[in-house]
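Peer 1: Sequence and predicted structure, then a few things I'm wondering about:
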Amino acid sequence: MKTQLYLFLILIITLLIAGCNSGSDQSIDSPPNIVIIFLDDAGFDDFQPFAETRYPTPNVLRLTEEGRRFQNFYVPSAVCSASRAALLTGTYPERSGMVGAHGPRQRGLDPDFVTMGEMLQQRGYVTGAFGKWHLGDQEETRMHVRGFDESAGIMYSNDMWADHPEAPEYWGQWPLQYWENGEVVIDSVTAEHQTLFTTWITEDSVDFINRNSDRPFFLYVPHPQPHVPLFVSDKFEGKSGTGLYGDVIMELDWSVGEIINALEQNGVRDNTMVIFTSDNGPWLSYANHSGKTPFREGKGTSFDGGIRSPLVVSYPNGIENRDLSHQTFFSIDLMPTVAGLTGADLPDYEIDGKDVWDLIAGIPDAVNPQDYYAFAFVNDFHGVMSGDGKWKLHLPHNYRTSPVGGRDGQPGIYQHADIELSLYDMVHDPHEKVNVIDEYPEIARQLIEFANEHNRKFFEGEE
């Protein structure tokens, strides 16, 4: 009798263990959905609660309340193609070769570099990209063959067209086309079409969620706005009361709300990580058609006005600590972080990003695994930042500054300046005003060593 009871208890324990293991397997089999909303040239202070704006942005505010707001998030280069490649490949632009802003008919990202879309496809995700690609305009580099099952949008910036205020005859050689799933559906985009871009992108995104909510999905939403030329639909024209730029921001905020609502209505909001940010800072030469940043300079520079972007990460199932974060990390870290969350395999070559999930989730005493971060513009190496974000070293370089701003879509005039070897205390001087290199020689020496190592590896061809 005792033997039978003993065997019965063993059976019960075995079944309980199996049940627990089954639940664990189920969680592995149900990885989070990933949504990345990537704006173009948005300013750090364009949305609440990053700043007190003169127009409402309730949906970004809501997203922040359901997640975490990050004060110290960076991109490694403040220009379109370089920033997008860094996000989607986890590599520095100097590794991938995606520097600057690639124009019409340029090859773009080498297919040897795996995109986040391709990585997640291999994990069994259905993937969609709707908006501005800007990572190649050749048969082997367009978004429908670079990891996205569904796609729609433009292949490069919305100002690369015949109505460009500078050299329109040059840009007019290549009509701005609108693509859907590898086919051109609008051969030459007009201003009227551009007023509908945000609406079309939002509708495609919502439709994608509605049709794929029963399986893991990756939705990439790289809006062309608020990059100039600014366009807004009739439903938001004049709504901000602050001019066209405010109208555009309000429509982008509406788009965020439509995507969140679709996630909720399909019952997948809790198991979806939503990432909201911008590719770089504002294009200051366009003055009233550009965003605002509290930091030094803007797009096209390696000061914080160019490379520091607003970031919100919301993932109800994974992020409980919903406070403001001052942890520092770069966009190159998002691909390995997503890989860790989803169980996807990273490519078998070296990438530059590292998994920073503990920083994003707000794990107590989490430490950034990076020794340093590098920043550059086009082919010029500008400097490094300590992995904890406390110190920033600028190498001597020339940069554009103090624009005489244009008005209503016309570009202004930049001046140029030089910066000497400079060290900034980013905790006490986030505006990069006071060079403290003489006061902290040991810190400067360490960052110079990191800069020399990075320069040898990427810019002097010794990798």
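Peer 2: Structure received.
Peer 1: who's in contact with residue 87?
Peer 2: 36, 38, 75, 116, 279, 331, 332, 334, 335 (Cβ atoms under 8 Å, 6 or more residues apart in numbering). Just so you know, the C-beta spots here come from the backbone N, C-alpha and C atoms, and that holds for glycine as well.
Peer 1: rerun at 6 Å
Peer 2: For residue 87, the contact set (Cβ atoms under 6 Å, 6 or more residues apart in numbering) comprises residue 331.
Peer 1: do the one 4 residues further on as well
Peer 2: With Cβ under 6 Å, 6+ apart as the criterion, the residues that contact residue 91 are 351, 352.
Peer 1: Give the helix, strand or coil label for it.
Peer 2: coil (DSSP: H, G, I helix; E, B strand; the rest coil).
Peer 1: Next, it: phi, psi?
Peer 2: Dihedral angles of residue 91 (phi, psi; degrees, to the nearest 10) stand at phi -120, psi 150.
Peer 1: And for the one 3 residues further on?
Peer 2: Note on residue 94: its backbone torsions stand at phi -70, psi -20 [degrees, to the nearest 10].
Peer 1: Spatially nearest residue to it (excluding sequence neighbours)?
Peer 2: Closest residue to residue 94 apart from its sequence neighbours, by Cβ to Cβ, 6 or more residues apart in numbering: residue 458 at 4.1 Å.
Peer 1: Now residue 189. Nearest residue, chain neighbours left out?
Peer 2: Distances taken as Cβ to Cβ, 6+ apart place residue 176 nearest to residue 189, at 4.3 Å, with adjacent residues excluded.
Peer 1: cool, and residue 105?
Peer 2: residue 137 (5.3 Å).
Peer 1: What ranges in the stretch 251-400 of the chain fall below the confidence cut-off?
Peer 2: Applying pLDDT under 70 to the stretch 251-400 of the chain flags no residue at all.
Peer 1: the helices in the stretch 201-350 of the chain, which residues?
Peer 2: 244-265, 304-307, 334-342 (DSSP state H, counting those that start in this stretch).
Peer 1: In TSV: these, plus distance to residue 168.
Peer 2: Converted to TSV, the helices of the stretch 201-350 of the chain look like this (distance: least, Cβ to Cβ, whole Å):
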stretch	distance to residue 168
helix 244-265	21
helix 304-307	27
helix 334-342	36
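Peer 1: Tabulate those (CSV), appending mean neighbour count and distance to residue 361.
Peer 2: Compiled in CSV, the helices of the stretch 201-350 of the chain are given as follows (neighbours: other Cβ atoms under 10 Å; distance: least, Cβ to Cβ, whole Å):
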stretch, mean neighbour count, distance to residue 361
helix 244-265, 21, 19
helix 304-307, 28, 24
helix 334-342, 22, 10
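Peer 1: Quick one, which of those gets closest to residue 423.
Peer 2: Residue 423 lies closest to helix 304-307 among those, at 14.4 Å (Cβ to Cβ).
Peer 1: May I have the closest one exported as CSV, CA atoms only?
Peer 2: The C-alpha coordinates for helix 304-307 follow below in CSV (Å, rounded to 0.1, in the frame of the first residue of the first chain):
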residue,chain,number,x,y,z
ASP,A,304,23.8,66.1,-28.5
GLY,A,305,21.4,68.2,-30.5
GLY,A,306,22.2,65.9,-33.4
ILE,A,307,22.7,62.4,-31.9
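Peer 1: one step back: so the residue nearest to residue 105 versus residue 81, what's the distance?
Peer 2: 11 Å (Cβ to Cβ, to the nearest Å).
Peer 1: ok, the two, which is more surrounded?
Peer 2: Neighbours per residue (other Cβ atoms under 10 Å) separate residue 137 from residue 81, with residue 81 holding more: 26 against 22.
Peer 1: ok, that one - contacts?
Peer 2: Here residue 81 is in contact with 98, 101, 102, 134 (criterion: Cβ under 6 Å, 6+ apart).
Peer 1: what ranges do the strands span in the stretch 301-450 of the chain?
Peer 2: With strands called from DSSP state E, counting those that start in this stretch, the stretch 301-450 of the chain shows them at 308-314, 324-330, 372-377, 380-386, 391-394, 397-404, 413-419, 422-425.
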